[in-house]
Every structure is written in C-alpha cells, then in structure tokens.
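>>> what shape does this take:
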Amino acid sequence: MNRPVVAVTIGRSHYERMFSTEAWTALDRFAEVVHHDSSEPAEKHDLMRLLAGADACITSWGVAQLDFDVLAAAPDLKAMAHMGSSVKRFISDGFWDRSIRLTSAGVMLARDVAETTLGLMIVGRKRIWPLARHVSDGGWRDSPVWDDWKAGEMTGATVGLVGASNVGRHVIELLAPFRSEILVADPFLDAGEADSLGVSLVDLDELMERSDVVSLHCPENDHTRHMIGAHNLPSMRDGAVLINTARGGLIDEDSLAIEIATGRLFAFLDVTDPEPPMPDSPLRSLDNVVVTPHIAGCIQNCTRMGELAVEDLRRFFSDEEAVYEITEDMLDRIA
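Model (predicted):
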C-alpha cells in the first residue's frame, strides 16, 4: 500500500519552533513528506504546487487560505492538520464541500494560554504591578496606595470565566489547588457538564458582579463582540481584575478606558482591538492596565502542537478517532 503524501506548508524557518525531533520521526514512519522550499509560510501559488499530489497537509500561522483555486489544484487532499488557534481564516466554503477532514492542535496552544492566564491571575491578585511601581517611587506598605491595592490571594477568590473553551477548561484544571470558587458563563455549557467540571453556571451579569477575577475565553463573533462594556463594567467589584487573552473585540475598549480611569479595576490585555492599540490609546498610559503584545500562547517552543498535528494525521490514515477534529457545525463556537 502506498504511503500517504503529507505536505508541510509552514516554511523551514519555523521548523525548530513547531516540530520536535520526535514529531519528524513519527511523521516519517507513516508518510512521504513534501516540504515547502522557502523559509516563510506558503502563499497561494506555493500551496497550489505543494498540494497537487498531497493526501494531507500541515498548516499554521501565515499559510495562505485553502480557497477555491487551491482546492481545485489539490484533487487528492483528504485531511488538513492545523497548528494554531483559529482555523477559520485558513479554510473556505469549498473545503467542507470536499469533505476534507480538519484537525486542530490548538488544544495544545490552549495549555500555554491557560498557564499565562493563571500567572496573570496570581500577579493581579497580589497587585504586583501597582505595588512595584509604588515601591519604585519610594513607598512601602504604610501608605494610601497600600489601602487602595491590598494584595490578595487566589485561595478563596471568586474567579469568573467567560467561556468553557479549551483554554477555559485548562484554566479550571490549573485553579484546582487554590480552592477558588469558579463561575462560568457559557451558553453552550449545560448544568450537568458544569457540575462535572466543578463550576457554577451563571449568566454574564452575575459573573461580572460576583467575581474577584474575570477572565475571557470565548470566540469573537456577532454575539460576543463588545460583550464587556459600559453595560456591565460598572457592576464589577472594586479591586477586581479583568483579563483578556482571547480576542480584543470582546471588550468595548472605550468603555473600559473610562472605567479603568476611575482606578477601581485592574486589567491585563494580551489582545486588543485594534491590535496593536492606537498610539494615543489611553490603554497604553493608564497605570492600572497592562497591555502585552499577544504573547499568551507559545512563543519560542510550540512543538506540542507539531506533535499533535502529526499524531492526528497518523490516526486519520489509520482510521482512528482524532484527538481534536473540527467540524463545520463547530465554527460558531470556536475562535
């Protein structure tokens, strides 16, 4: 039986970051590998050439969309393994018409985002940023700033997670040692599943009112854009921490800037809308907001994603169930 042909489209400069030695060895065991002979991800004309005889492909950030022309040039394509977060930009309507199987290694990226989120929760509750600035300015614990930003702990805190996504579920696991009360707002989560996760299912308004930490882990779409704004930010507790490692458009940032300027809240924004923020955005200068350049996911070592992409293709060609398959009906629920 002929071995399947798998095209790696990500560009050779990204190999070390995305693939471990173990991943390459595993891929070589079951497939003939076709490489994109460029340092950068494949553009449209590259894909049309690479996929002409391919049975499957591995994609990641920067690779061109599998549009009508690309699919027409790839008559044998049966599977695509994507390494990244959202798959939406990389596929077209014709993709589903061809019944091509799609897997995502984003569940591994979700672990990195969840770990970053937990770190932000801890340093947010401890007030690391404002208190460190206070000490740099000559202060210590006997000052009004200490009263305004009393350091706290995760143990016993109420944490509100907006979205029981892959990231959200990893955050739930990471919070287990802290005995935090976890509230989740997610229209796709039912009471039984919430109970199995050990969380309380609430609506967004209740979550915003009760939480010491609010962290966003849902996709941005027509239903969720600006779901955090002037209508619910004022209801957050004084001293609460807001974290966004999901999508910038989930927050109405004009309203957030107004609320942050009151000094009541602290925010960590790893994503913004637009990205990066405008040069004159108040989010760049307010003392009680930290904006980072979209770094919550893996940066230097993303090899867990490469290993999963290879494993899912191995499973596909062995007629085994994928670790994480994406179907068309899931698109409204994922980022």
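>>> which parts of the chain are strands?
5-8, 32-35, 56-60, 79-83, 101-104, 158-162, 181-185, 200-201, 213-216, 241-244, 266-269, 289-291, 325-326 (DSSP state E).
>>> any chance you could map the helices in the stretch 151-300 of the chain?
Taking DSSP state H, counting those that start in this stretch as the criterion, the stretch 151-300 of the chain contains helices spanning 166-175, 191-197, 204-210, 253-260.
>>> let's have the strands of the chain in CSV, adding distance to Arg333 and mean pLDDT.
The way it works is simple: take the backbone N, C-alpha and C, and place the C-beta from them, glycine included. Shown next, in CSV, are the strands of the chain (distance: least, Cβ to Cβ, whole Å; pLDDT from 0 to 100):
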stretch, distance to Arg333, mean pLDDT
strand 5-8, 28, 98
strand 32-35, 33, 97
strand 56-60, 21, 98
strand 79-83, 16, 97
strand 101-104, 13, 96
strand 158-162, 14, 98
strand 181-185, 14, 98
strand 200-201, 16, 98
strand 213-216, 15, 98
strand 241-244, 19, 98
strand 266-269, 23, 97
strand 289-291, 27, 96
strand 325-326, 10, 94
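>>> now mean neighbour count too, for the ones you listed, in JSON lines please.
As requested, those are arranged in JSON lines below (neighbours: other Cβ atoms under 10 Å):
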{"stretch": "strand 5-8", "mean neighbour count": "24"}
{"stretch": "strand 32-35", "mean neighbour count": "15"}
{"stretch": "strand 56-60", "mean neighbour count": "26"}
{"stretch": "strand 79-83", "mean neighbour count": "26"}
{"stretch": "strand 101-104", "mean neighbour count": "24"}
{"stretch": "strand 158-162", "mean neighbour count": "25"}
{"stretch": "strand 181-185", "mean neighbour count": "22"}
{"stretch": "strand 200-201", "mean neighbour count": "18"}
{"stretch": "strand 213-216", "mean neighbour count": "27"}
{"stretch": "strand 241-244", "mean neighbour count": "26"}
{"stretch": "strand 266-269", "mean neighbour count": "24"}
{"stretch": "strand 289-291", "mean neighbour count": "20"}
{"stretch": "strand 325-326", "mean neighbour count": "18"}
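>>> of these, which is nearest Pro41?
strand 56-60 (7.0 Å; Cβ to Cβ).
>>> so what strands line up beside the closest one?
strand 5-8 (parallel), strand 79-83 (parallel) (DSSP bridges).
>>> picking that back up, may I see the helices of the stretch 151-300 of the chain arranged in TSV, with distance to Leu47, mean pLDDT and mean neighbour count as well?
Below are these laid out as TSV (distance: least, Cβ to Cβ, whole Å; pLDDT from 0 to 100; neighbours: other Cβ atoms under 10 Å):
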stretch	distance to Leu47	mean pLDDT	mean neighbour count
helix 166-175	27	96	22
helix 191-197	38	96	13
helix 204-210	40	98	18
helix 253-260	36	96	19
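>>> now distance to Ala157 too, for the ones you listed, in TSV please.
Below are the helices of the stretch 151-300 of the chain laid out as TSV (distance: least, Cβ to Cβ, whole Å):
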stretch	distance to Ala157
helix 166-175	9
helix 191-197	18
helix 204-210	11
helix 253-260	20
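>>> closest to Asp142 out of the strands of the chain?
Once the strands of the chain are compared by Cβ to Cβ, strand 266-269 is nearest, at 21.5 Å.
>>> what's the spacing between the closest one and its chain's center?
16 Å (Cα atoms, centre = their mean, to the nearest Å).
>>> about what we covered before: mind putting the strands paired with strand 56-60 in a markdown table, distance to Phe19 included?
As requested, the strands paired with strand 56-60 are arranged in a markdown table below (distance: least, Cβ to Cβ, whole Å):
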| stretch | distance to Phe19 |
| --- | --- |
| strand 5-8 | 8 |
| strand 79-83 | 9 |
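>>> quick check, Gly106 in contact with Gly84.
Yes. Contact criterion Cβ atoms under 8 Å: Gly106 and Gly84 qualify, at 6.3 Å.
>>> which neighbours do these two share?
Counting by Cβ atoms under 8 Å, 6 or more residues apart in numbering, the contacts common to Gly106 and Gly84 are Met305.
>>> who has more neighbours, these two?
Legend: neighbour count by other Cβ atoms under 10 Å for Gly106 and Gly84, higher for Gly106 (25 against 22).
>>> contact partners for the more buried one?
Here Gly106 is in contact with His82, Gly84, Ser85, Ser86, Val87, Asn166, Met305, Tyr324 (criterion: Cβ under 8 Å, 6+ apart).
>>> what does His36 give?
With contact taken as Cβ under 8 Å, 6+ apart, His36 is in contact with Ala7, Val8, Thr9, Ile10, Gly11, Arg12, Ala42, Asp46, Leu50.
>>> can you tell me which of those is closest to Glu173?
Nearest to Glu173 among the contacts of His36, with distances taken as Cβ to Cβ, is Ile10, at 29.1 Å.
>>> great, nothing more from me.
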